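**Student:** dropping the sequence and predicted coords here.
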Amino acid sequence: MTNEFSCLSSPISTTAQTDLTSKKIFDRGFERGGLYYFGEPPPSHPTTSGLQAVVLPASSSYVYRLEGRKSVVIVFNYFLPLIMQVEGTKSPEEMLTILQRVLEESALILVATRLDSAKRRTNMRLREEQDAAYRATLEADQAKGRQRKEEQEWLAREAAEAERKQKEEEEAHERAACEATEKKAALARMREEKTFSLGAEPEKGPDVTQVLVRFPTGEHKGRRFQSTATIQSLYDYVDSLGCLEVESYSLVSNFPSVVHGPEKLYLSLKEVGLHPQASHFVEFNS
């Protein structure tokens, strides 16, 4: 069959009527002139017949049933089946006229049904579009959520790293401050110890040597020592003043220019020719 209906000119043949969906055979009948009938083939001459048509909901199955000498014919118009009950034998031309009249009489219902079907399809398409838009919006929101989460995690890592670095800097500063304090305290103790080791400054006398020390800043410091005091005493004196920020230096006499280094620390001032007076300047060691 076509979308509407079709009639084929063919001899009478026996056939089985079957539901195409369930494959169930309802009854046996025959085909004549492209139409299907139930029961035994009727006489060749036309008989009195009656016509009754009804519109049913759309169906994908061909359903036939037998009601005495009445036959049921299903004609599909697009997706809407029209079921007619025909009594007696009809020629193909008469059946075409009947079918056409049924279609015309059912035109309003068919149009309304088609419009309703189109409306349902439109609503379905709208729902599908709305569902697709909702899914797209949901995916976009989820992507934004993931991006916000990643940004928050990155900010949290950055904040933790900054806090860690700040803590390390604070600890390093505290250690440096403690070391500076300890170093300062150690220098203060060292100056006190060396000042104590020098003893009291002697009065002027024949066995007393006057020593003058010039620092790189241009500052001069002087003190009297016993002529038997060692070169180490001169270094202890310079250390006790706290005028230098370096630990490695040498004392150099002016005239003549002699470096009094580690090899002379335990020689006396008199032994190295610095009695009765001497002048030295401080020279930093490289």
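**Tutor:** That came in fine, so what should we check first? Residues are numbered from 1 along each chain as shown.
**Student:** how does this structure divide into domains?
**Tutor:** For the chain, the structural domains run 13-105, 208-284, going by automatic domain parsing.
**Student:** which stretch in those is the model least sure about?
**Tutor:** Among the domains of the chain, domain 13-105 carries the lowest mean pLDDT, at a mean of 52.
**Student:** quickly find the element holding the closest residue to residue 197 other than its chain neighbours.
**Tutor:** Nearest non-adjacent residue to residue 197, counting by C-beta to C-beta, 6 or more residues apart in numbering: residue 236, 5.9 Å away. All C-beta atoms are positioned from the backbone trio N, CA, C, and that covers glycine. Using DSSP states H and E, residue 236 falls within helix 231-241.
**Student:** repeat for residue 104
**Tutor:** Using DSSP H and E, residue 104 falls in helix 92-105.
**Student:** coming back round to it: run me through the strand neighbours of the helix or strand following the helix holding residue 236, direction for each.
**Tutor:** Sequence order places strand 249-253 as the next helix or strand after helix 231-241, per DSSP H and E. If you go by DSSP bridges, strand 249-253 pairs up with strand 258-260 (antiparallel), strand 277-284 (antiparallel).
**Student:** isn't residue 90 up against residue 96?
**Tutor:** No - here residue 90 does not reach residue 96: they are 9.4 Å apart, not a contact under C-beta atoms under 8 Å.
**Student:** so for the two, which residue has more residues nearby?
**Tutor:** In this view residue 90 and residue 96 are compared by other C-beta atoms under 10 Å, and residue 90 has more residues nearby, 22 against 15.
**Student:** would that one count as being in a strand?
**Tutor:** No - Residue 90 sits outside any strand when classified using DSSP: H, G, I helix; E, B strand; the rest coil, being coil.
**Student:** out of the strands paired with strand 249-253, which is closest to residue 167?
**Tutor:** With C-beta to C-beta as the criterion, residue 167 lies closest to strand 277-284 of these, at 38.0 Å.
**Student:** before we move on, the earlier item: and the residue nearest to residue 197, how many neighbours?
**Tutor:** 19.
**Student:** for the helix holding residue 104, output the C-alpha coordinates as PDB.
**Tutor:** What follows is helix 92-105, C-alpha atoms only, in PDB (Å, rounded to 0.1, in the frame of the first residue of the first chain):
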ATOM      1  CA  PRO A  92     -12.600  -1.500  -7.900                       C
ATOM      2  CA  GLU A  93     -14.200   1.600  -9.300                       C
ATOM      3  CA  GLU A  94     -16.900   1.600  -6.700                       C
ATOM      4  CA  MET A  95     -14.300   1.000  -3.900                       C
ATOM      5  CA  LEU A  96     -12.200   3.900  -5.200                       C
ATOM      6  CA  THR A  97     -15.300   6.100  -5.100                       C
ATOM      7  CA  ILE A  98     -16.100   4.900  -1.600                       C
ATOM      8  CA  LEU A  99     -12.600   5.400  -0.300                       C
ATOM      9  CA  GLN A 100     -12.400   8.800  -1.900                       C
ATOM     10  CA  ARG A 101     -15.700   9.800  -0.200                       C
ATOM     11  CA  VAL A 102     -14.500   8.600   3.100                       C
ATOM     12  CA  LEU A 103     -11.300  10.600   2.800                       C
ATOM     13  CA  GLU A 104     -13.200  13.700   1.800                       C
ATOM     14  CA  GLU A 105     -15.700  13.300   4.700                       C
END
